[in-house]
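A.B. asks: only geometry, no sequence info:
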């Protein structure tokens, strides 16, 4: 019997290099100079580029690589991943997809993670020999077609309410379910996707909270006691 | 009936300001200069102070504020905390305890978190008006006596094996259980504590993985459906 594997997609993540339209903004130029990098090579970060972000569409939600970092740390260090029952993908606002090898030991330090993301966007794969992280131009729908799942669930604040325990049970009925979690701080998905919308709580939850709830709840159902 | 509340202690955390013995080390002096802070006021960080850490006892495990940051983000953004069923404390290597108000909105950005910890160690409470985080000199045992729990569980790789689901069930039988999770990257607790040792997996887990497993498993048992 084929092993059941959960495919977790952090979707429409606010992870991108600095858009060309703000490349000359003083907040960007100074930050790039301080880090001795080219402005177009740096990862947009709302903590440091706040004033430049105001000139961008959706500026109030962009530049959140921290969300991706924390979601990935939780996912990769989970028991589910140690049991080889998890695949994680990061899909970004500009339709890039990062394939994450389950054995990846991500930098725990945020600044090192940012450096790694900058390398990844420049080179397309890191480390260059092992390629634990690979970047490809791809839409969310293309990624999901490629995974070819037998069910797609979208974690959404307006979805059908289901407590995490029951959602874990539901997920475990499928061989290859995809769970889509928004990698943005608030608002809605930008990508149009088909799937069953699920809400785990009466209030919006942080992306990493959803990741933790889904992984632990699924774990209980599929890992042999 | 009194509401059941889980008291989570991140213990022996590797969170400290730079020890006096390495205050003149070039790695520390340069880092402090770059951040325009006094060397004795900065938080020790293995990512940047690696060469200085080699001169310290336990240098290979010290300087890990990132572990505290990720554990706190996961705990504070959990459903359990939103339901007001969780209290979190950070106990450190040098016997300081950080009391964390459940309504604290911690900085998501790591560098801002470090700045906040530096303020906390300097001022004893942040923000100075609201005091959402308070620092007190206190040992782990003093903290636990103060909480006055009806059970103490220590998450330990040599503890009794119990799957997270069953541990959540066990925890829910108590009114005021304390769960102690090590806030260090590897090795054993430095503090001597009495309690029931529990292991959730056959391999060591990251501190934040244990935090997530414990919180989600407990949540299921105590939150009304």
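C.D. replies: That came through, no problem. Not measured: the values here are computed from a predicted model.
A.B. asks: burial measure for the residue in chain A that chain B sits nearest to, as a count.
C.D. replies: Chain A approaches chain B most closely through residue A:110 (3.5 Å), counting by Cβ to the nearest Cβ. All C-beta atoms are positioned from the backbone trio N, CA, C, and that covers glycine. For residue A:110, the number of neighbouring residues by other Cβ atoms under 10 Å in any protein chain shown comes to 24.
A.B. asks: Check residue A:29 too.
C.D. replies: Using other Cβ under 10 Å: residue A:29 sits among 14 other residues.
A.B. asks: Over to residue A:147?
C.D. replies: 16.
A.B. asks: List the contacts of it.
C.D. replies: A:7, A:87, A:89, A:176, A:178 (Cβ atoms under 8 Å, 6 or more residues apart in numbering or on different chains).
A.B. asks: on that earlier part again, and the residue lying closest to the residue of chain A closest to chain B once chain neighbours are set aside, backbone torsions?
C.D. replies: Spatially, and ignoring its direct neighbours in sequence, residue A:110 is nearest to residue B:110 (3.5 Å; Cβ to Cβ, 6 or more residues apart in numbering or on different chains). As for residue B:110, its main-chain torsions (degrees, to the nearest 10) stand at phi -60, psi -40.
A.B. asks: Let me know the pLDDT of residue A:225.
C.D. replies: Predicted confidence (pLDDT) for residue A:225: 59.
A.B. asks: wait, residue A:157
C.D. replies: 95.
A.B. asks: Now it: which helix or strand?
C.D. replies: If you go by DSSP states H and E, residue A:157 is part of strand A:151-161.
A.B. asks: counting contacts, what elements does that strand pack onto?
C.D. replies: Counting contacts by 3 or more Cβ pairs under 8 Å, 6 or more residues apart in numbering or on different chains; DSSP states H and E, strand A:151-161 packs against helix A:164-171, strand A:177-182, strand A:196-199.
A.B. asks: Give the buried residues for the host helix or strand of residue A:218.
C.D. replies: Assessed by DSSP H and E, residue A:218 sits inside helix A:207-222. For helix A:207-222, a neighbour-count test (16 or more other Cβ atoms under 10 Å in any protein chain shown) marks A:207-220, A:222 as buried.
A.B. asks: can you check stretch A:161-177 too?
C.D. replies: A:162-165, A:167-168, A:170-172, A:174, A:176-177.
A.B. asks: show me what contacts the closest residue to residue A:62 other than its chain neighbours?
C.D. replies: Of all residues not flanking residue A:62 in the chain, residue A:14 sits nearest, at 5.1 Å (Cβ to Cβ, 6+ apart). Residue A:14 is in contact with A:44, A:61-65, A:67, A:92-93, A:183-185, counting by Cβ under 8 Å, 6+ apart.
A.B. asks: Same question for residue A:160.
C.D. replies: Here residue A:160 is in contact with A:196-199 (criterion: Cβ under 8 Å, 6+ apart).
A.B. asks: Return the members of the residues you listed classed as buried.
C.D. replies: Counted by 16+ other Cβ under 10 Å, those give A:198-199 as buried.
A.B. asks: In the contacts of residue A:160, find the pair that's most separated.
C.D. replies: Pairwise distances across the contacts of residue A:160 peak at 11.0 Å for A:196 and A:199 (criterion: Cβ to Cβ).
A.B. asks: what is in contact with the two at once?
C.D. replies: In contact with both residue A:196 and residue A:199: A:159-160, using Cβ under 8 Å, 6+ apart.
A.B. asks: so where's chain A uncertain?
C.D. replies: A:1, A:225 (pLDDT under 70).
A.B. asks: by contact count, what packs against whichever strand or helix holds residue A:71?
C.D. replies: Following DSSP H and E, one finds residue A:71 within helix A:65-76. When contacts are defined as 3+ Cβ pairs under 8 Å, 6+ apart, helix A:65-76 sits against strand A:6-13, strand A:86-92, helix A:110-123, helix A:207-222, helix B:65-76, helix B:207-222.
A.B. asks: tell me which parts of chain A are close to chain B?
C.D. replies: A:45, A:47, A:64, A:66-67, A:70, A:73-74, A:77-79, A:82, A:108-112, A:163-165, A:200-201, A:203, A:205-206, A:208-209, A:212-213, A:215-217, A:219-220, A:223, A:225 (Cβ under 8 Å from any Cβ of the partner chain).
A.B. asks: what separates stretch A:159-170 from the chain centre, distance-wise?
C.D. replies: Its chain's C-alpha centre and that of stretch A:159-170 lie 21 Å apart, by Cα atoms, centre = their mean, to the nearest Å.
A.B. asks: Please read the previous query as pertaining to stretch A:119-131.
C.D. replies: 17 Å.
A.B. asks: What of stretch A:154-166?
C.D. replies: The answer for stretch A:154-166 is 18 Å, by Cα atoms, centre = their mean.
A.B. asks: What of stretch A:103-121?
C.D. replies: Using Cα atoms, centre = their mean, the offset of stretch A:103-121 from its chain centre is 13 Å.
A.B. asks: neighbouring contacts of it?
C.D. replies: Under Cβ under 8 Å, 6+ apart, the answer for stretch A:103-121 is A:15, A:17, A:37, A:41-43, A:45, A:65-66, A:68-69, A:72-73, A:76, A:96, A:98, A:126, A:132-133, A:135, B:45, B:47, B:64, B:66-67, B:70, B:109-111.
A.B. asks: now the residues you listed: which count as buried?
C.D. replies: For those, buried by 16+ other Cβ under 10 Å: A:15, A:17, A:37, A:42-43, A:45, A:65-66, A:68-69, A:72-73, A:76, A:96, A:98, A:126, A:132-133, A:135, B:45, B:47, B:64, B:66-67, B:70, B:109-110.
A.B. asks: Break chain A down into its domains, please.
C.D. replies: Per the TED database, the domain ranges recorded for chain A read A:6-15+A:63-222, A:20-61.
A.B. asks: Now do the end-to-end distance for the first one.
C.D. replies: Length of domain A:6-15+A:63-222, first residue to last, Cα to Cα, to the nearest Å: 10 Å.
A.B. asks: how far away is the closest residue to residue A:165 other than its chain neighbours from residue A:164?
C.D. replies: The shortest distance from residue A:165 to any non-neighbouring residue, by Cβ to Cβ, 6+ apart, is to residue B:220 (5.0 Å). According to Cβ to Cβ, to the nearest Å, residue B:220 stands 7 Å off from residue A:164.
A.B. asks: thinking again about what came up before, can you pick the most crowded of the contacts of residue A:147?
C.D. replies: residue A:178 (25 neighbours).
A.B. asks: and it, how far is that from residue A:75?
C.D. replies: On the measure of Cβ to Cβ, residue A:178 and residue A:75 end up 14 Å apart.
A.B. asks: Residue A:127 is in contact with residue A:101, correct?
C.D. replies: No: assessed by Cβ atoms under 8 Å, residue A:101 is found out of contact with residue A:127, at 10.7 Å.
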